[in-house]
Structures are given as structure tokens and as C-alpha cells.
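# Next comes the sequence, and after it the predicted model I'd like to discuss.
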Amino acid sequence: MTDSLLVERAEGVVTLTFNRPDTLNSLTTELKVAFRDELAALATDASCRAIVLAGAGRAFCVGQDLKEHVENLKTGDPLATVREHYNPIAQSLATMPKPVVAAVRGAAAGAGASLALLADFRVGGPGTSFSMAFAGIGLSADTGASQTLPRLVGHAKATEMLMLGTKVKADEASRIGLLGTVTEDDDQVLPQALELAKRLATGPTHAFAYIKRTLGASGHIPFAEALELEAEAQSRCGFTADHRNAVESFVNKRPIVFEGH
């Protein structure tokens, strides 16, 4: 592990914090490798039932470290990091079988914004902003933004944000679906994200995984296949201890406790 990525565990929640505040948590190879590998491990870690993504200091993450990228431009494939790092990170977040909450304090730009969009929930504050900064340096989009952004805000707004680099501040971000929660104070962004994650960590982990799977498939499979996928998900959830115990508790008027299996 590296100091550029902090990993904290409490009450079933794993908090991953980008820890390069002096550079607004820009992404170096070291940080991307640590983040990629930690996500891969968490996907099969039964003790992790929810994940929080956060940034140290006054920004969430402003994307690629451009000082490092200047050196990459001298190589034969300056954007090799997309396939080597960003794609695996995006795939892990998109398929993570447990809830992911992004605590988006301050700026989320470029790949940093893309990472926030891959979370299931986004909590922001008055100072939160999203900027798809790729075109501003002559690039397209990566880290899944071409998929996630239009699903959240629609094709027209996604085109505007990607081509014009339009910065979307907290109020508009909330209105168009980039933020689910906006706190009154930026200092409350992480505490509220953690509170939400702890709530999710006490929920039916397997059911959450299948909800994510069915929602993820909804935009590109025929309706009949969606019905079959739902049937398969319900069948698998039906065999979980969480489902059986929840039904028995409900019928017997006992508090429902989900243990994640």
C-alpha cells in the first residue's frame, strides 16, 4: 500500500481516500495502481459491505496528474494508462457487488469526475463541482464517462459537459442527477457519506449486488432478457440466509437484521 491511498475500515465500511491534497488528489501511476488493486481485493472481501470514496483536503479528485503525463508523452503510447489503470478501475467500480458512495467534496474533474459517476451514491456540498475536463487538453473521455454521464444527465447535457468542459456546480448537479445529497456545509460531506454507507452496510448485501447487476444491464438488453435476469436474481436471493431470516422476522414481528449472507 502507498501513502497516496488511505484505507480505513469501520462497521463493515471501507473508506478509500485519495491522499494527495497538495495536488488536489491528482492521479499518479502509484495511486492508480494502489486504487486498482484495492478495489479488486474488496470485490471478494466479505468483511467489506460498503465502500466510500473520498479525497483528502479541499478536492475530491481532479483526474490525471499532468506533470507525470508530460513524461508519458515521451513514450510510444502516452495514454497506455487508460487500458492499464483506468479501465480496470472503472470495471471494478461498475461491477462492485456492494454499494459504493462517493463523498464529493470540492472539485471532481476529468477522470476524478468519472470515478464519482461510477459510484452508486454521490454526496456533495456547496463547494462541489463536476468538470469533464478532457477536451480542454485535447482528449476524449475515459473511465466510463461516455456511459455513465449520459445515463445520469441525458445525451444533450453530457455532450455539452464533455465538449465544452462546462463546470457544473452543486445546485445544478443536484438538479440534473449528479448529486443525490447536498449538505449545508462542505465539512459534512464525508460524515454524511459515511452515515449512508454504514446504513447500506447493514442491508442485504447479496440483494444489493443483484440490484446493481440488473440495473447495469437494463440499458442494453431486450426486455425479455431483463425479465429472465430479474428471475435469476430473485432465485439466487431467495436462497440467502438474509432473505429467509428477514421473512421469518417480519412474520414474527421481530426486528430484521441482515448479516450479508
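That came through fine.
# check contacts around the residue sitting nearest the centre point of the chain.
Taking Cα atoms, centre = their mean, the centroid of the chain lies closest to residue 119, which sits 2.2 Å from it. Residue 119 makes contact with 53, 93, 100-102 under the criterion Cβ atoms under 8 Å, 6 or more residues apart in numbering. The way it works is simple: take the backbone N, C-alpha and C, and place the C-beta from them, glycine included.
# how about the residues you listed, which pair is most distant?
Across these, no pair lies farther apart than 93 and 101, at 11.6 Å, counting by Cβ to Cβ.
# Comparing these two, which residue is more hemmed in?
residue 101 (29 against 25; other Cβ atoms under 10 Å).
# where does the stretch 151-261 of the chain dip in pLDDT?
Along the stretch 151-261 of the chain, segments meeting pLDDT under 70 are nowhere present.
# at 90 what do you get?
218-220, 260-261 (pLDDT under 90).
# Same check on the stretch 1-150 of the chain?
Using pLDDT under 90, the stretch 1-150 of the chain drops low at 1-2, 67-78.
# What segments of it are strands?
Under the criterion DSSP state E, counting those that start in this stretch, the stretch 1-150 of the chain contains strands at 5-10, 13-18, 50-55, 100-104, 107-109, 121-124, 129-131.
# any chance of the ones you listed in a markdown table, plus distance to residue 143?
A markdown table is the format used below for those (distance: least, Cβ to Cβ, whole Å):
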| stretch | distance to residue 143 |
| --- | --- |
| strand 5-10 | 16 |
| strand 13-18 | 14 |
| strand 50-55 | 13 |
| strand 100-104 | 13 |
| strand 107-109 | 11 |
| strand 121-124 | 15 |
| strand 129-131 | 13 |
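# Mind checking what secondary structure residue 184 has?
Following DSSP: H, G, I helix; E, B strand; the rest coil, residue 184 is assigned to coil.
# Neighbours of it, how many?
9.
# Roughly how far does it sit from residue 124?
11 Å (Cβ to Cβ, to the nearest Å).
# and the strands of the stretch 1-150 of the chain, which is most packed in?
Each of those was scored by mean neighbour count; the highest is strand 100-104, a mean of 30, by mean count of other Cβ atoms under 10 Å.
# What number of residues are in the vicinity of residue 178?
25.
# Does it touch residue 117 like I think?
Yes: using Cβ atoms under 8 Å, residue 178 makes contact with residue 117 at a distance of 7.5 Å.
# Common neighbours of these two, please.
Taking Cβ under 8 Å, 6+ apart as the criterion, residue 178 and residue 117 both touch residue 152.
# Once you drop chain neighbours, what's closest to residue 5?
What sits nearest to residue 5 in space, not counting adjacent residues and going by Cβ to Cβ, 6 or more residues apart in numbering, is residue 34, at 4.2 Å.
# okay, now the one you found: neighbour count?
Neighbour tally, residue 34, other Cβ under 10 Å: 21.
# correct me, but it touches residue 3?
No: at 9.4 Å, residue 34 does not count as touching residue 3 under the criterion of Cβ under 8 Å.
# The closest residue to residue 6 other than its chain neighbours and residue 2: what is the separation?
Of all residues not flanking residue 6 in the chain, residue 17 sits nearest, at 4.1 Å (Cβ to Cβ, 6+ apart). Separation of residue 17 from residue 2 (Cβ to Cβ): 12 Å.
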